[in-house]
Structure formats: C-alpha cells, structure tokens
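Undergrad: Below is the sequence, then the predicted model.
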Amino acid sequence: MSCDLGELVREVGAARVLADNSACMNSSDQIRNALKRYWGYDAFRSKQEEIVRNILDGRDVCVVMPTGGGKSLCYQLPAVLQQGKTTIVVSPLIALMQDQVAQLDQMGISAAVLNSGQSWNEQRDTERRAEAGEFRLLYLSPERLAKQEMLEWLAKVPISFFAIDEAHCISEWGHEFRPDYRQMKVLRNEFPQKPIAAFTASATRHVRHDIIAQLKLKDPGKFIASFHRKNLNYQVVACDAKTQNAKLIAILRKHSGSAAIVYSPTIKRVAETVAMLRENEIAAIGYHADMDNAERKKNQERWMADEVSVLVGTVAFGLGINKSAVRTVVHLSLPKSIEQYYQEAGRAGRDGKPSDCFLLWQKKDVGLLAYFIEQISDAAEKRRSWDRYHQVRAFAESKECRHKIICNHFGEKVAWENCGACDACLPPIQWKVETTERVRRLPSTAKSAERVALVSQGIDTKLLTALKQWRLDRSRADRVPAFVILHDSTLEHLCVRKPATLPQLRAVPGIGETKLERYGKEILDLLRGR
C-alpha cells in the first residue's frame with residue numbers, strides 16, 4: 001500500500017491544526033460535534049453558540065433566557081469540552097441538582113452533586129473524585145458554597161469555571177432573593193482567574209445590573225433573549241369565589257388529555273382544588289412543601305410521565321421542571337410580582353406550540369398580598385415588596401396588551417399595539433355554565449381535538465402512547481424521572497420519522513450517542529412492532 005509523502009505532510013499539518021483547536025476548545029467542529037454527540041441536536045437555539053464560545057474563551061457572562069430557552073446547555077457544553085477540569089454549578093434546590101445529574105448521566109457526561117443528604121462516605125468519595133478531575137460538572141447549593149471549609153476544599157479541584165443558576169436570587173431587587181446567594185461574591189476574591197457565568201430566566205434591568213455588580217463580573221458578555229413568548233396566550237380574568245372553580249374546570253376540560261399546572265396560593269387550597277377537580281371527574285394530584293419528599297417525588301414523576309395530566313401545586317413546584325408539552329398554566333391568585341408570574345406562566349409551551357396562561361384572580365388577593373407585605377420587618381424589603389405589589393396589581397387591572405406590559409417591565413421595547421394573543425387583544429371569552437350532561441361529554445371531545453391536532457402534524461397517536469409507556473417502564477427500571485430518558489419532543493419526532501435503523505435513529509433530535517447505545521435496540525424493536 002503506497003502513500004504519497006505530500007499527502008502525508010498535509011495530513012500531519014491538518015492534525016496539528018486540529019490539536020491546536022483542541023487546545024483552545026472552541027473550534028466550530030468541536031462545539032457542534034459535542035452538541036450532536038451528547039445532546040443529539042444538529043443546531044443551536046438563538047444565542048446558545050455565542051454564549052458557549054464566550055465561556056470557552058474564559059470570559060464572564062450574564063445570561064437572561066426565558067424558561068425553556070436552553071440555559072443549562074450553555075454551561076454544560078463548555079464543561080464537557082474541558083477534559084480533566086470541573087465546572088462548579090451553584091443551584092438552589094437539591095431535587096433540581098439531582099435531576100440534572102441524572103440527565104447528564106443518561107447522556108454519558110460525568111457529573112455529581114454534593115449535599116447534606118449524602119452519607120459521609122458518599123461525600124468523601126465524591127470529593128476525592130472531584131480532586132482528581134473525574135467530573136465535568138459538580139453541583140453545589142449556595143448554602144454549602146458559602147462555608148469557608150468548602151472554599152478551601154475547592155482550591156484542590158481543577159476548576160474550569162463557575163456557573164451560577166437562578167442568579168436573580170443574588171439581588172435584593174429580585175423576586176426570589178436568597179441571602180446565601182450574596183456569599184457568591186467571594187468567588188471572585190478566592191478564584192480571581194476563574195470565569196463566572198450567571199444564568200436566570202427572569203431579571204429586570206435593575207436586577208441584571210445587580211447580578212453583575214454582586215458577582216463582580218469583569219466586562220461580561222451580556223446575552224438578553226427576548227421576553228416575548230409569542231406562542232403563549234395570556235388571559236387575565238377577574239373572578240369571584242363562586243365563578244373561579246367553574247372557570248378552572250372549563251379551562252382544564254378544554255385542554256383535557258394535555259399536561260396542565262395549576263398554581264394555588266396556599267397548601268390548604270391545593271388539597272381543596274385537587275378534591276374539587278376529582279369530584280368533577282378531572283384527575284389531578286397535588287404538590288406542596290408539607291408533603292414528605294417521597295410523596296412529592298412520586299406525584300411529580302406521575303405528572304411528568306403523563307399518568308395524570310393536572311398537577312396542582314404551590315410555588316414550590318416548577319423550578320427546573322423539564323417538561324416541554326405543558327399546554328396550560330393556571331394561577332388561582334395574584335402572584336407576588338410580574339417576574340414570578342412570567343417565570344411560572346412560562347412553564348407552558350416550552351415546545352413552542354400554542355399554549356394558554358390563565359390568571360384567575362379575585363379582589364381579595366390584593367388585600368392578602370398587602371397583609372403579608374405589612375408583616376415584613378425590614379424597611380427596604382418592605383418598600384421593594386410594595387413596588388412589586390403595585391406593578392402586579394396594575395398588570396391585573398390593565399386593559400393594555402399583556403405581552404407588551406411584560407416586555408416593557410423587563411426593559412424590552414416593543415412596537416405592536418395588538419399582539420393577538422392576550423385577553424386585551426382578543427375578543428372576550430364566552431364563559432358558559434355547563435349542564436352535568438354537557439360536562440360528562442366534554443372530556444372525550446377535548447381528547448379527540450387533541451388527537452386531531454397531533455395527527456395534523458403527522459404524529460401517530462397510538463405509537464406515541466406506546467412510546468410513552470415504554471419510556472415510563474424504562475424510567476422505573478432505571479430509577480430516573482421519565483423526562484430524563486427522552487423528552488416529549490423526541491418521542492414526537494420518532495412518531496413522524498419512524499426510523500428503521502440505528503443510523504436513522506441517531507439522526508432523530510434528542511438522541512445522542514449514549515442514549516443510542518442504551519435504548520436504540522429497544523426503540524427500534526418497538527417501532528418495528530407497530
């Protein structure tokens with residue numbers, strides 16, 4: 001077998017170029033290959049690639065990207081590309097961290113979490129492996145990171161950069177201020193050469209400036225995605241105690257068979273709403289802080305796996321929930337702020353499809369918010385709470401375009417007068433009192449409409465049901481949430497494409513190399529049997 005010397009020289013030169021690119025870790029090919037290999041996607045969403053490049057170049061970044069915009073990928077992908085180094089991710093909830101680690105494991109990415117719920121041996125083993133650079137990502141709570149002994153230990157870890165999730169929690173002007181997040185300012189002092197990447201879904205201009213100042217970000221790349229969620233239909237509806245439940249039932253019947261979240265103002269109201277819905281033949285489960293962890297986790301997983309369509313929860317539910325096909329979110333009271341409403345309502349329609357967001361508020365909500373504000377002892381926090389109160393009350397009582405109010409609130413100027421997707425810009429809803437006979441007929445009618453919608457997209461609904469059942473069985477066997485196996489959007493792609501070979505299956509968005517190895521044969525066997 002002969003070899004042309006000139007060709008060999010060119011190949012060696014090309015290898016050196018590739019090696020150089022590998023050293024700086026930000027060549028287009030490397031970045032896109034990682035996107036395809038681990039996430040199973042051929043293209044980035046808006047701003048994602050630029051954010052990844054900034055982080056790989058060692059630059060601080062501040063990212064504001066709506067729920068479902070793909071924030072996690074923006075720090076997970078550059079973490080993957082830095083072999084032998086570990087990205088430290090600060091996240092506010094243990095359950096959220098555990099879910100993210102489970103997802104990364106399913107993708108073939110080494111990750112771990114350190115928390116107080118682990119045994120001493122588990123924690124020490126994780127620390128030892130982190131010191132050796134075995135993990136691409138290590139998740140910590142802000143409370144844990146605030147401890148001096150943790151900062152001292154981190155000096156032994158080969159850190160690539162810090163990612164601060166839910167970064168708005170660091171600002172007193174934010175709607176979810178957490179004092180422990182304030183301790184994150186020590187990162188710049190303790191690790192001056194390590195980049196810091198801050199991420200949030202909802203931050204006003206004031207909060208964004210505060211995040212940059214508190215974290216001492218140096219000339220950060222600023223990435224502010226549009227706050228206009230044009231696929232969401234915002235409906236703000238004034239109710240009274242007699243009509244609110246009837247309207248809730250009508251909304252859920254419209255979306256029967258599809259995932260829905262109902263936000264309740266109190267734990268007591270969660271239980272009452274679940275009972276009321278069940279009395280009206282609507283399957284629902286609850287979620288609140290007084291439940292033990294096992295029950296909360298079970299209910300969340302049942303909802304995620306589509307065993308039950310409606311989940312009624314307090315604001316404790318939703319952070320980090322990775323379910324794209326939520327068709328409606330209903331609030332049963334005024335939220336504390338526009339930011340809170342935007343973040344919670346934004347859990348609908350993450351797949352980009354039309355979805356409804358209803359705010360069913362009562363006049364008494366105003367008095368309740370005012371009462372709780374008056375209980376605040378800190379004068380500055382009370383003043384900020386009153387500011388948020390006036391903003392959210394004005395939002396509820398306004399006749400102006402809801403999308404426009406929200407965008408303006410976050411500092412985004414929009415030109416339109418009529419969005420065509422809110423109660424101020426659309427004809428009023430005709431609420432009708434239904435007879436018992438009509439109520440009993442509605443569910444099957446609504447489910448038929450849902451099936452028609454799926455069929456119009458080329459989706460085989462029977463196959464989709466079979467795939468969801470396979471995913472549920474597999475999730476139970478693997479002891480992970482169903483969405484960690486495959487997202488709903490990936491199942492829908494499978495129904496449309498119906499791949500017959502492993503290479504064809506590899507081309508389906510959302511199926512990376514590790515998932516292909518783990519589940520490829522099972523999926524193809526299921527598809528062949530349909």
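TA: Done, it's in. Numbers count the residues shown, from 1 in each chain.
Undergrad: wait, what's in contact with Gly70?
TA: For Gly70, the contacting residues are 45, 48, taking C-beta atoms under 8 Å, 6 or more residues apart in numbering as the criterion. Glycine gets a C-beta too; all of them are placed from N, C-alpha and C.
Undergrad: where's it relative to Gly529, distance?
TA: Applying C-beta to C-beta, to the nearest Å, one obtains 34 Å for the distance of Gly70 from Gly529.
Undergrad: and Gln375, how many residues sit next to it?
TA: 8 (other C-beta atoms under 10 Å).
Undergrad: ok, now Met97?
TA: The burial metric for Met97, expressed as a neighbour count using other C-beta under 10 Å, is 25.
Undergrad: Quick one: residues contacting it.
TA: Taking C-beta under 8 Å, 6+ apart as the test, what Met97 contacts is 89, 91, 113, 115, 139, 141.
Undergrad: Tyr389 is in contact with Tyr371, isn't it?
TA: No: taking contact to mean C-beta atoms under 8 Å, the distance of 10.9 Å between Tyr389 and Tyr371 leaves them out of contact.
Undergrad: More neighbours: which of these two?
TA: Applying other C-beta under 10 Å to Tyr389 and Tyr371 shows that Tyr389 carries more neighbours, namely 18 against 9.
Undergrad: Run through the neighbouring helices and strands of the helix or strand where Thr87 lies.
TA: Thr87 belongs to strand 86-90 when assigned by DSSP states H and E. Under the contact criterion of 3 or more C-beta pairs under 8 Å, 6 or more residues apart in numbering; DSSP states H and E, the helices and strands touching strand 86-90 comprise helix 71-81, strand 137-140, helix 142-145, strand 159-164.
Undergrad: Run through who's touching the second one.
TA: To tie it back to what came earlier, the one meant is strand 137-140. For strand 137-140, the external contacting residues (C-beta under 8 Å, 6+ apart) are 76, 79, 86-91, 97, 100-101, 104, 109-114, 126, 130, 150, 157.
Undergrad: Helix, strand, or coil at Asp105?
TA: Reduced to three states with DSSP: H, G, I helix; E, B strand; the rest coil, the structure at Asp105 is helix.
Undergrad: Tally up the residues packed near it, please.
TA: 16.
Undergrad: again with Asn189
TA: The local packing of Asn189 (other C-beta under 10 Å) involves 9 other residues.
Undergrad: strands paired with the strand holding Thr87, and their directions?
TA: Partners of strand 86-90 in the sheet, by DSSP bridges, are strand 137-140 (parallel), strand 159-164 (parallel).
Undergrad: tell me the most buried of those?
TA: Across the strands paired with strand 86-90, averaging neighbours per residue (mean count of other C-beta atoms under 10 Å) puts strand 159-164 on top, at a mean of 25.
Undergrad: and the angle from that one to helix 71-81?
TA: Counting by axes from the mean of the first three to the mean of the last three C-alpha atoms, to 10 degrees, strand 159-164 lies at 170 degrees to helix 71-81.
Undergrad: what's strand 159-164 in contact with?
TA: Under the criterion C-beta under 8 Å, 6+ apart, residues 55, 58, 75, 78-79, 82, 85-90, 170, 181, 184, 187, 191, 194-199, 215 lie in contact with strand 159-164.
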